[in-house]
Structures are given as structure tokens and as C-alpha cells.
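[1] Turn this into a model:
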Amino acid sequence: MIKCLAIDDEPLALQLLADNISRIPFLELVNSCDDAFVANKIMQEQSIDLIFIDIQMPGITGLQFIQSLVKKPMVIIVTAYKQYALDGFALDVVDYLMKPVSLDRFMKACNKAKDLYELKQSAEHNNLPKQDYMFVNVGYSLMKINYNEITYVEGLKDYIQINISTSPKAAVVRMSMKSIEEQLPAYFERIHKSFIVNINKITSIRKNALFIADKELPVSDSYKQVIEKLLK
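    Numbers count the residues shown, from 1 in each chain. Predicted structure coming up:
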């Protein structure tokens with residue numbers, strides 16, 4: 001399933017967009033919102049493959065929002081303003097739909113997104129090179145973090161704390177453990193509902209705990225197979 005986010009400041013347009021998404025069997029509407037700032041928060045907390053977005057919105061336009069994204073999902077623009085089409089395609093959007101959107105035109109755009117999604121999935125399965133870093137929102141700026149410098153990640157309710165070997169101060173990010181776990185490379189393991197560790201940074205192992213330098217991290221019963229795998 002392709003996980004979607006719908007963004008439009010007009011309630012009726014947003015409802016129609018959600019209804020159209022529900023008709024496409026390979027789409028899953030994860031969330032919907034009426035402005036880009038809320039959308040950014042949602043994308044920090046949830047994994048999104050495809051966004052449907054209007055252009056004219058309060059605060060920040062759809063085009064500005066797309067430009068601001070560092071890790072950009074697929075984008076389909078849904079708008080009443082055809083004069084921005086060239087700007088939209090310059091941002092590498094999947095499609096540019098004019099309101100009111102017919103269902104068959106909507107389906108055509110979604111099928112284009114599906115083809116692109118499957119192409120990306122195939123590339124990942126064929127072990128093509130992946131980037132070795134990510135950007136996260138810390139305070140009012142984007143912070144670049146190299147995966148191999150992360151020692152462990154700790155969940156803190158609505159936030160996560162990313163501990164980095166090259167920095168004495170951890171990065172506190174509004175993101176779910178599930179979302180960060182999906183982004184991290186294969187050498188990271190979940191050992192507890194609140195901890196994910198870089199196995200290359202582990203210095204010693206006990207029955208119910210792992211150590212990274214002098215930091216002891218608990219291993220819950222649900223993840224004891226991780227210790228068994230490491231010992232093998």
C-alpha cells in the first residue's frame with residue numbers, strides 16, 4: 001500500500017480528495033490536514049510515500065512546502081490554478097491536477113505514482129546504493145546526521161532522542177520510533193520499545209542488557225532474539 005497525506009485548506013476539497021483516495025485500492029490515506037505546517041509535523045511522525053497538495057494555502061504555499069522538503073515523497077498537486085504547472089513539474093511532481101478533478105483523471109495520476117513507487121521498491125530490493133545520512137528538524141533548522149555516527153535512539157513519548165558519537169549533545173526530534181526505525185540501515189536493531197541500537201557500537205552484552213561505552217541499555221523479553229543473533 002502507498003501511504004498518502006492529503007493537504008488542502010478548503011474543507012470540501014479536502015473531503016473530496018479523501019473520498020477519491022479511498023476509491024483507489026493501492027492507496028492508504030494516513031492523514032489529512034489544512035496547512036503545510038501541520039503537514040510537516042505529520043511527516044516527521046509518520047512514514048509518507050505520496051502527498052496530494054493544493055497550491056494556494058495560508059502561511060506557506062504548496063510549491064514552497066515542496067521546495068522545503070529534504071527527503072521528498074512523491075507529490076501530486078491538486079489545484080485550481082493552472083499557471084503554476086511549469087513550476088510544479090520543475091519540482092519533479094508526479095502529476096498536476098486541475099480542480100474539479102474527474103475520477104478517471106485522478107486514477108491516471110495515481111497509476112503514475114504507483115509505477116514510480118514500484119520502480120523505487122525494485123531498486124531498493126536490488127541493493128542499489130542508498131544515502132548514508134538523513135536530515136531531521138532540530139529546533140528551527142535541519143540537522144544532517146550520518147547513520148554510522150548514531151549510537152542509539154531512545155523514545156521519549158512524542159519525541160525521540162538520537163545519540164551521536166561525534167556530539168556530546170543528543171538530537172531531540174519530534175518523530176515516532178516506528179518512523180525512525182523504517183529509515184535506519186540494517187545494522188540497527190530494536191532491543192526495547194524505547195531503544196534502537198547501532199550494533200556496530202555495542203561494547204559488551206549481558207543477559208538482559210547491552211552496553212555502548214558506559215551506557216547500559218535494557219533488552220526486553222520481546223527482543224531477546226537480538227542478543228542471540230549477535231552472539232551467533
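
[2] so is the most centrally placed residue in the chain in a helix, a strand, or just coil?
    Nearest to the geometric centre of the chain sits residue 47, at 3.7 Å (Cα atoms, centre = their mean). Assigned by DSSP: H, G, I helix; E, B strand; the rest coil, the conformation of residue 47 is coil.

[3] Over to the one 10 residues further on?
    Put simply, residue 57 is coil when judged by three-state DSSP.

[4] Make sure it is actually in contact with residue 10.
    No - with contact defined as Cβ atoms under 8 Å, residue 57 does not count as touching residue 10 (9.1 Å). Using the backbone N, CA and C atoms, a C-beta is placed for each residue, glycine as well.

[5] hey, what's in contact with both of these two?
    residue 34 (Cβ atoms under 8 Å, 6 or more residues apart in numbering).

[6] Those two: which is more packed in?
    A count of neighbours by other Cβ atoms under 10 Å puts residue 57 above the other of residue 57 and residue 10, at 21 against 15.

[7] Nearest residue to the more buried one in space, please, no chain neighbours.
    residue 9 (4.6 Å; Cβ to Cβ, 6 or more residues apart in numbering).

[8] Surely the residue nearest to the centre of the chain touches residue 179?
    Yes - contact criterion Cβ under 8 Å: residue 47 and residue 179 qualify, at 5.4 Å.

[9] give me the number of residues near residue 141?
    When neighbours are counted by other Cβ under 10 Å, residue 141 registers 8.

[10] From residue 171, how far out is it?
    11 Å (Cβ to Cβ, to the nearest Å).

[11] check which helix or strand covers the residue nearest to residue 57.
    Assigned by DSSP states H and E, residue 9 belongs to no helix or strand.

[12] was I right about it contacting residue 60?
    No - Residue 9 lies out of contact with residue 60 (Cβ under 8 Å); the separation is 10.9 Å.

[13] Need the overlap of contacts for those two.
    Joint contacts of residue 9 and residue 60 (Cβ under 8 Å, 6+ apart) are residue 35.

[14] which helices and strands does the helix or strand of the chain with the lowest mean pLDDT pack with?
    Ranked by mean pLDDT, DSSP states H and E, the helix or strand of the chain with the weakest confidence is helix 224-231, at a mean of 79. Under the contact definition 3 or more Cβ pairs under 8 Å, 6 or more residues apart in numbering; DSSP states H and E, helix 224-231 sits against strand 188-192, strand 204-205.
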